[in-house]
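**Q** Whatever this is, show me its structure:
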Amino acid sequence: MKNYLNKIKQFITSHKKISIAILIVLVLTGYWGYKKITNTSGETRYVTAKVEKNTIISSITGTGQVSASNQIDLKSKASGDIVYIAVRSGQKVSSGSLVAQLDTKESQKSIRDAEANLESAKLALEKLKTQSSDENMNADLAKAYEDGFNTVSNAFSDLPTSMTELENLLGYQNLSENTARVSGNIAKEYRDKAETSYYTAKNAFEKNRNSFRVLDRNSQTKDIDALINETYETTKTTTDAIKNMRNFVDYIAEDSGRESDYSSYKTTLTTQTNTINQDLTNLLSAKNSIKTYKDAFVNTNFDIKSSVLSVQQKENALQDAKDTLADYFIRAPFDGTISSVSIKKTDSVSSGTIVATLITDKQVAEISLNEVDAAKIKIGQKTTLTFDAVSYLTISGEVVEVDSIGTVSSGVVNYTVKINFDTNDSRIKPGMSVSATIITDIKQDVLSISNSAIKSTSNKSFVETFDKKLPPSTTGVQGSTSENLPIKKEVTTGISNDTMTEIISGLNEGDIVVIKTITGTNTASTKTTSTKSILGQMSSGRPRD
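**A** This next block holds a predicted model:
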């Protein structure tokens, strides 16, 4: 716009005698034209980004206060009978010290079962790989193709004879068109049908024979597939022609009352029927055999993938069983003093039962979380803490306690989470406000995209993308235009944070996705001819004719 005004100024200087009214018209017209040139309100523009690998840290944020009490209730994570108590009231303990132990018989049994299931899954996978190796599968399929080609060759040993016999029968005097016409309309219809089907079979045979002659058993499998299918169809057409000829011969023999004159024809047709039907059966068997081995090859690959997945699931189940075993050992999360023990040996406890109370010199924060967020919190998760009263102070911490029973307020259920500070700071006082970011999951080097790129419908997630690369965006204008609408592509998502979401499947690294669509409001076409003309006049220093 600044350049445009400078040109206006130059034009006025060199045309001092021009009327003010004309100048106003020029300025307004030029400005209108300038706005038309720079206006993009009528366009739909797409802001895109690449799918890249990143580290995604998923976290939950909550607020609360620094606890006035530095005691923590140690709770059981599992259910069972107490078989050992390792502490007493007033005893000092260090981080990781055993406080109590539950009976682990059931947990140990779960681990043994998980180990056996894993070993069974591994053996099944190895057996499947051995029995269904690519080498064996390829050999079986190759044999099926070779047998199929041999079956085609056998069919072409028989088909020429059938064509010759049919042609000869149509040429015999007592089967001629004149004979059929004398016998009446029904005989004529039978002969016409037999003749038509013969020529149909003959044309198919000649075309098929050309295909057969250019191939051999070493040809590409797709060509052999096509040849087998074509020969099968030709053979079916030939059986129809033989059948129609047999119907004609039977009718003429019966109508004339001279069965003996036509007995040799019937014998010939019976022989051809048996021969060609056998070829047809063999070709169908060859087709099915190839399909069976192809399907087996595909199904075996599927079975192997399924078996690999089963092994992974069994490995996860074993790890879960081992993790559960750790819950039967209640340990001190940090250094401190046992103020009280709430259970005795042989007591039966359930998950959430208070076993002992631990007093620590370290500071503790109490954070309130809603039921959705609280369900994602586990003891031992790392946190980052900040304080309103102490600017620029950030310390790390660890979740040490999660309420088993929530508190209902105005219909909303909240759970208190206690976080132990990794370091003490004298500036932090009981009752101070604290904000905590609890890390619930971390994944490194995973495919990810901006959250704004993901859309949902019918419980499925999808993104919008383009088949072709979009032109670069115009300087000063956000996004690019496209002649084609974006394509929806379904994706499977994983963890996410405030900005990014993990992509498990549906996209590859480097793919371009739409993260923002700018919809235009002005769809009218823009005319810029007059504007360019005025600017051109100004730049030349004089009006044009």
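
**Q** And the strands in the stretch 201-350 of the chain?
**A** Taking DSSP state E, counting those that start in this stretch as the test, the strands found in the stretch 201-350 of the chain are 329-331, 336-341, 348-349.

**Q** Could I get these in TSV, plus columns for mean pLDDT, mean neighbour count and distance to Ser120?
**A** For glycine as for every other residue, the C-beta is placed from the backbone atoms N, C-alpha and C. Written out in TSV, the entries for the strands of the stretch 201-350 of the chain read as follows (pLDDT from 0 to 100; neighbours: other CB atoms under 10 Å; distance: least, CB to CB, whole Å):
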stretch	mean pLDDT	mean neighbour count	distance to Ser120
strand 329-331	91	18	29
strand 336-341	90	18	43
strand 348-349	91	16	34
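
**Q** Quick one, which of those strands gets closest to Ser97.
**A** Ser97 lies closest, by CB to CB, to one member of those: strand 329-331, at 6.3 Å.

**Q** Which other helices and strands does the closest one contact?
**A** strand 98-102 (3 or more CB pairs under 8 Å, 6 or more residues apart in numbering; DSSP states H and E).

**Q** what pairs with the strand it packs on, and is each one parallel or antiparallel?
**A** The strands that strand 98-102 pairs with in its sheet are strand 80-85 (antiparallel), strand 329-331 (antiparallel) (by DSSP bridges).

**Q** Could I get these in CSV, plus columns for distance to Ile56?
**A** As requested, these are arranged in CSV below (distance: least, CB to CB, whole Å):
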stretch, distance to Ile56
strand 80-85, 37
strand 329-331, 30
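
**Q** quick one, which of these is nearest to Asn54?
**A** It's strand 329-331; of the strands paired with strand 98-102, that one is closest to Asn54 (CB to CB) at 35.1 Å.

**Q** Which parts of the stretch 351-500 of the chain are strands?
**A** Counting by DSSP E, counting those that start in this stretch, the strands of the stretch 351-500 of the chain are 354-359, 364-370, 382-387, 394-402, 407-409, 412-421, 433-450, 455-457, 460-465, 487-496, 500-505.

**Q** Which of those strands sits closest to Glu119?
**A** Nearest of these (CB to CB): strand 500-505, 28.5 Å.

**Q** Which strands and helices lie in contact with that closest one?
**A** Counting by 3+ CB pairs under 8 Å, 6+ apart, strand 500-505 packs on strand 52-66, strand 433-450, strand 487-496.

**Q** between whatever helix or strand comes next after that strand and strand 500-505, what angle do the directions make?
**A** Sequence order places strand 512-518 as the next helix or strand after strand 500-505, per DSSP states H and E. Strand 512-518 runs at 130 degrees relative to strand 500-505, counting by axes from the mean of the first three to the mean of the last three CA atoms, to 10 degrees.

**Q** Measure how strand 512-518 sits relative to strand 460-465, angle-wise.
**A** Using the same axes, to 10 degrees, strand 512-518 lies at 90 degrees relative to strand 460-465.

**Q** in strand 512-518, what's buried?
**A** By neighbour count with 16 or more other CB atoms under 10 Å, strand 512-518 contains the buried residues 512-515.

**Q** Farthest-apart pair in these, please.
**A** Ile512 and Ile515, at 9.9 Å, using CB to CB across the buried residues of strand 512-518.

**Q** Mind listing the shared neighbours of the two?
**A** Common contacts of Ile512 and Ile515 (CB atoms under 8 Å, 6 or more residues apart in numbering): 48-49.

**Q** on that earlier part again, for the buried residues of strand 512-518, please prepare TSV with the additional fields distance to Ser450 and pLDDT.
**A** Listed next are the buried residues of strand 512-518 as TSV, based on distance: CB to CB, whole Å; pLDDT from 0 to 100:
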residue	distance to Ser450	pLDDT
Ile512	12	85
Val513	8	87
Val514	10	89
Ile515	5	86
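
**Q** want to throw those into a markdown table with distance to Leu318?
**A** A markdown table is the format used below for the buried residues of strand 512-518 (distance: CB to CB, whole Å):
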| residue | distance to Leu318 |
| --- | --- |
| Ile512 | 41 |
| Val513 | 38 |
| Val514 | 43 |
| Ile515 | 41 |
